[in-house]
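**Q** Sequence first, predicted model second:
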Amino acid sequence: MPVLNDVSHVRQAVESILAQDYAGPVEVLIALGPSIDGTTELVEDLASRDERIRVLDNEVGSTPAGLNLGIRAARFPVVVRVDSHSMLPVDYTRIAVDALARTGADNVGGLMDAKGETPFERAVALAYTTKVGLGGSAFHVGGAEGPAETVYLGVFRRDALERVGLFDETVKRGQDWELNRRLRETGGTVWFTPSLAVTYRPRSSVERLARQMFSTGLWRGELARRFPSANGIRYFIPPLMVVGVVLGTLLGIGGIVQAALGASPWLLLGFAIPLVYALFVVVATLAYARGAGPGVASRFLVVLPCIHVAWGAGFVLGYLSLARNIASHTGR
């Protein structure tokens with residue numbers, strides 16, 4: 001489990017690992033990045049209380065660097081990837097290892113079961129689990145058991161990870177998708193099973209959500225540029241929407257200028273694009289969030305465009321080969 005400045009969630013995540021009903025030997029490897037919010041002290045305290053926990057110093061601080069550090073230090077043939085925002089159900093490891101043996105897959109994973117506590121978090125969780133939010137991947141919205149493009153987190157055969165050279169540390173986000181691509185290209189199988197559902201705690205504010213989505217979109221754009229034939233059309237919808245809304249708004253402003261100068265304001269038609277998108281957000285909210293109560297629904301109206309705009313804008317910049325440059329300035 002890579003950890004960086006996440007003191008609010010680490011304890012629950014670690015406790016869910018230690019509570020697994022798996023019968024075999026288990027070790028917990030925490031790749032700790034340079035944190036300033038009390039995470040370091042918390043993790044060290046957890047390790048002092050349970051000999052199964054080992055803390056590894058992840059000086060780089062990135063997720064893929066932490067994952068590789070843990071894989072190299074691991075003693076056992078199965079690697080269970082855990083996120084500090086996630087909580088494993090008690091039977092997670094047992095079901096996943098059984099699925100590895102049953103299917104012969106290199107990686108087995110399931111659903112990211114987003115659950116919020118506040119109305120805003122619940123709105124984010126709802127957006128994650130609808131096709132209008134994050135695009136409808138099986139690990140978000142569910143589906144039938146079987147081979148998949150990618151899965152949430154993952155339970156791996158260690159020798160499969162070594163076969164493909166571990167995680168690509170130049171990919172700061174989306175490293176799971178990129179690794180699973182290499183597993184599949186080298187003859188391995190990535191297996192999705194809905195019987196594995198990991199509770200995930202969404203971001204708790206617009207700012208944190210926007211930062212997460214921008215970073216995710218940035219690296220998704222970088223991956224789309226690197227591997228153009230391996231990307232579905234759904235990845236390009238948010239960036240096309242962002243470009244369309246920006247261009248439509250600029251054209252509409254041009255129409256206002258035309259009107260002020262006494263010319264025919266035909267450019268005002270550009271405002272139709274952002275208006276259509278706004279109508280889409282309202283209709284999506286009525287379709288998916290109305291039954292969740294007014295508190296969640298009102299926040300869904302903000303969450304949905306936050307996800308789309310931040311992710312889409314990040315994708316455009318990443319696709320233009322700016323991912324590494326922006327990440328170097330932001331530390332992400």
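**A** That came through fine. Numbers count the residues shown, from 1 in each chain.

**Q** Would you agree L317 is in contact with E222?
**A** No: look at L317 against E222 with C-beta atoms under 8 Å: they stay out of range, at 9.1 Å. To be clear about C-beta, it is placed using only N, CA and C from the backbone, and glycine gets the same treatment.

**Q** Could you list the buried residues of stretch 178-198?
**A** Residues 178-184, 188-193, 196-198 are the ones in stretch 178-198 that count as buried (16 or more other C-beta atoms under 10 Å).

**Q** just curious, which of the residues you listed is nearest to V14?
**A** Of all the buried residues of stretch 178-198, V14 sits closest to V198, with 14.1 Å by C-beta to C-beta.

**Q** And for A259, nearest residue in space, chain neighbours not counted?
**A** P265 (4.0 Å; C-beta to C-beta, 6 or more residues apart in numbering).

**Q** quick one: what helix or strand has the residue nearest in space to the middle of the chain in it?
**A** The centre of the chain sits closest to T216, judged by C-alpha atoms, centre = their mean, with a distance of 6.7 Å. In the assignment (DSSP states H and E), T216 maps to helix 206-226.

**Q** Counting by contacts, list what that helix packs against.
**A** helix 237-260, helix 294-319, helix 323-330 (3 or more C-beta pairs under 8 Å, 6 or more residues apart in numbering; DSSP states H and E).

**Q** Indicate which one of the ones you listed is closest to V206.
**A** Comparing the helices and strands packed on helix 206-226 by C-beta to C-beta, helix 294-319 comes nearest, at 5.8 Å.

**Q** mind listing what's buried in the closest one?
**A** Buried positions in helix 294-319, judged by neighbour count with 16+ other C-beta under 10 Å: 296-297, 299-319.

**Q** Which parts of the protein are helices?
**A** 10-18, 39-49, 63-73, 92-103, 119-128, 131-134, 138-141, 158-163, 175-185, 206-226, 237-260, 272-288, 294-319, 323-330 (DSSP state H).

**Q** Which neighbouring elements make contact with the longest one?
**A** Same thing as helix 294-319. Helix 294-319 is packed against helix 119-128, helix 131-134, helix 206-226, helix 237-260, helix 272-288, with contacts defined by 3+ C-beta pairs under 8 Å, 6+ apart.
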